[in-house]
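K.L.:
Here is my input; please provide its structure:
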Amino acid sequence: MELMSLWCRSKGFIFTMDALIGVSILVLTMVLLFQLHTTPSHTEQTRFFVRDTINTLASIKVSESNNPYVLDLMSAGLISNPNNTILEQIGEFWANGDQDLAKNLSKEFLDDILPDEYGYGMWIDDDMIYNNSVPEKSQRVIYQRVVSGIKKGRPKEGYLGRAWATKMQKNNTLIVKGDVITSSVRRWWGGNNGNKVNITYDMDIPAGATLIDSYWFIESAWTDNNIDAYINDVHVGGGTGGALFTNLNSYLHDGHNALTVVGSYGSGGNEAGDDGASHFVLNYSIEKMNTLENLERKYFAQVVSHCSIRYKKPIFVLGDINSLFVNMSIIATTAELRIAYRGTEYDVSQKNVVDNNVYWTDNEIKSALNSVGITYENLSNEYFWFVVDVDTYHSRENYGAERKIFNTSYVEIKFSTTKNLYGNIDLTKVVPIDSYSDSAGGSFSQFYRNLGWRFDSPGNATSLALDSQLAWLYYTGTNPSQIASANSIVLYQHPPDPLIHEFARFGYVNKTGEIVAGTNTYNLSFGYGYYINPFNSLVDYTFLIPSQVGYGETFSTESDAKDDAINRLKTLLGPYVSATEIQTSASSVGRVPTLWGPSLVEVRIWRQ
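P.N.:
From the prediction side, this is the model:
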């Protein structure tokens, strides 16, 4: 919310014959993909390539291999279990301290599969097993796989158990966050221009979800706007400047739901729309491990107006960006694209709309950024914005032809991450406000300069991100300090960083201790002239927890080993997930040397 004169604006491998044929086809296909694909699709193909490599190593047994080196190892008695997969055998060598055997076996297969013009290697629990002597680069593709075996240092006789949840129930939170969207509702000489700004957000509820509770907070572009809210075309209420609606489950159903806000002229504000602080929160329970949204494609809301439209789309990429692409399906004459990063906007280009479509390629976006000294590395793991003007934008404008942004418009993001995003149980939790002080006073007494949030991260969790959507207030003309920190690590500080007028979104990932096991803190501190309303803001934390436990201690009976595995699994899932069906297995151990697992195996690949 920006205070301006009278009005307030809120912006708040070689194998036996059958295996040989299949793997040969796979290897040949992957090599051809590397040789034939053009640069824009290289990263995606590389990702598939490295995934297929590690999955193949994890599926082919030692007994199926006619590789001369493997046959020599078996003849020498160095491989005790021919039912091990190649990946398990590499891991077993590593766990027993036979580093040279692990390295040579990795080299034997990776060198046979992966092309010479790339750097590549294998790591287990961050220990390098093998690389092809090409220096590793930061821009790389990594694929991970958890391999369970028998843990190091266990007794040599008895039973060991492992367990995994085949069915589970988790309590999760689905959040639809509003974007900054504005369009004129005031004639250029003053007064109501008769326009209504219609915004529809899509919300997809997973099939089989049991709805617990829900609420919808709406904050309009200007504090005097009249608004009406609809869920699936059913009117749920209205208000001036904003509204809070609760107990909305009866309006919702599995699958697609439409959340619509119609904004119109109030008592003098120039524009109607969404100031970016609106959000719909649904708490639900479900028997499904993976409920993460599509992280590689971010869709626009549908917007209908009879004036030009300005749409600011926030983007937060949880990894290293490889490419960006913006595709707009719109009704308009022209469209202009800009990128906002750390409080400053940079031009990309303006284009004519042809057949209701306009788009910007990765090369166009990257070139525009590079011309001002910004790289994709700068944009990775923090917020930036795509700003789209549908026709030349005016905050005051007469009623005109219909303009429309279709909800098929999107930003496509290709990125690399070291985290296995879809192989675990994902959970999102709202983080409550913990402290706030230094109120703006008066009619803005619920806005504060210093705010803090506190949340716990389970010891077994893989953190994804802490995200915040902030209802903000800025006194135009002031130059307040701005500090964002996590666990006392400063993430953003003005000065020297630029002043961000619209501090509407802020998010971060763990790099150097920003998110740790146990208690974590997130703090915002501003100088005079900048405030946040914690009660209308939303902070959430998304993390992953595993759905299985590997082999544990050695027990004298098989049932004791399985019971131990079940208890360890329940402890692992904690209060967040209830395992409704658990499958177990046990292995007998007799005069077997120390084995291994579970461990995280990575294959990494990069351009030389």
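K.L.:
Please work out how many residues are found near the closest residue to G242 other than its chain neighbours.
P.N.:
Nearest non-adjacent residue to G242, counting by C-beta to C-beta, 6 or more residues apart in numbering: E219, 4.3 Å away. For every residue, glycine as well, the C-beta is placed using N, CA and C. E219 has 26 neighbours, counted by other C-beta atoms under 10 Å.
K.L.:
Let me know the helix or strand that E219 is in.
P.N.:
E219 is part of strand 210-219, with elements assigned from DSSP states H and E.
K.L.:
Quick one: mean pLDDT over that strand.
P.N.:
For strand 210-219, mean pLDDT is 96.
K.L.:
would you say F93 is within a helix?
P.N.:
Yes. With DSSP: H, G, I helix; E, B strand; the rest coil as the criterion, F93 is located in a helix.
K.L.:
about what we covered before: report the strands that pair with the next helix or strand after the strand holding E219, each with its relative direction.
P.N.:
With elements assigned by DSSP H and E, the helix or strand that comes after strand 210-219 is strand 226-231. Strand pairing for strand 226-231, determined by DSSP bridges: strand 234-240 (antiparallel), strand 255-264 (antiparallel).
K.L.:
mind putting those strands in TSV, distance to N172 included?
P.N.:
Shown next, in TSV, are the strands paired with strand 226-231 (distance: least, C-beta to C-beta, whole Å):
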stretch	distance to N172
strand 234-240	23
strand 255-264	16
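K.L.:
ok, back up a step: figure out how far the strand holding E219 is from the centre of its chain.
P.N.:
22 Å (C-alpha atoms, centre = their mean, to the nearest Å).
K.L.:
Kindly report the same for stretch 365-375.
P.N.:
With C-alpha atoms, centre = their mean, you get 24 Å for stretch 365-375.
K.L.:
buried stuff in that stretch?
P.N.:
Using 16 or more other C-beta atoms under 10 Å as the test for burial, stretch 365-375 gives 365-366, 368-369, 374.
K.L.:
now stretch 126-146
P.N.:
Buried, per 16+ other C-beta under 10 Å, within stretch 126-146: 129-131, 140-145.
K.L.:
out of those, which are inside strands?
P.N.:
129-131, 140-145 (DSSP state E).
K.L.:
Wait, L73 touches S80, no?
P.N.:
No. Counting by C-beta atoms under 8 Å, S80 is not a contact partner of L73; they are 10.3 Å apart.
K.L.:
These two: who's more crowded?
P.N.:
In terms of neighbours (other C-beta under 10 Å), L73 is the more surrounded of L73 and S80; the figures are 20 against 12.
K.L.:
Now name the helix or strand holding the more buried one.
P.N.:
helix 68-75.
K.L.:
Now mean neighbour count too, for the strands paired with strand 226-231, in JSON lines please.
P.N.:
JSON lines is the format used below for the strands paired with strand 226-231 (neighbours: other C-beta atoms under 10 Å):
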{"stretch": "strand 234-240", "mean neighbour count": "14"}
{"stretch": "strand 255-264", "mean neighbour count": "19"}
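K.L.:
In contact with N283: list those residues for me.
P.N.:
Contacts for N283 were tallied using C-beta atoms under 8 Å, 6 or more residues apart in numbering; they are 171-173, 211-214.
K.L.:
Kindly reformat those residues as TSV containing distance to V348.
P.N.:
Formatted as TSV, these follow (distance: C-beta to C-beta, whole Å):
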residue	distance to V348
N171	42
N172	36
T173	34
L211	41
I212	42
D213	41
S214	37
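K.L.:
of the residues you listed, buried ones?
P.N.:
Using 16+ other C-beta under 10 Å, the buried ones in these are 171-173, 211, 214.
K.L.:
List just the nearest of the residues you listed to G273.
P.N.:
S214 (22.9 Å; C-beta to C-beta).
K.L.:
how far away is the closest one from T542?
P.N.:
Using C-beta to C-beta, to the nearest Å, S214 is found at 19 Å from T542.
K.L.:
Distance from the host helix or strand of M168 to the middle of the chain?
P.N.:
In this structure, M168 sits in strand 157-177 according to DSSP H and E. Strand 157-177 has its C-alpha centroid displaced from the chain centroid by 20 Å (C-alpha atoms, centre = their mean).
K.L.:
List the buried residues in that strand.
P.N.:
Buried residues in strand 157-177 (16+ other C-beta under 10 Å): 158-165, 168, 170-177.
K.L.:
Just want the angle from it to strand 210-219.
P.N.:
40 degrees (axes from the mean of the first three to the mean of the last three C-alpha atoms, to 10 degrees).
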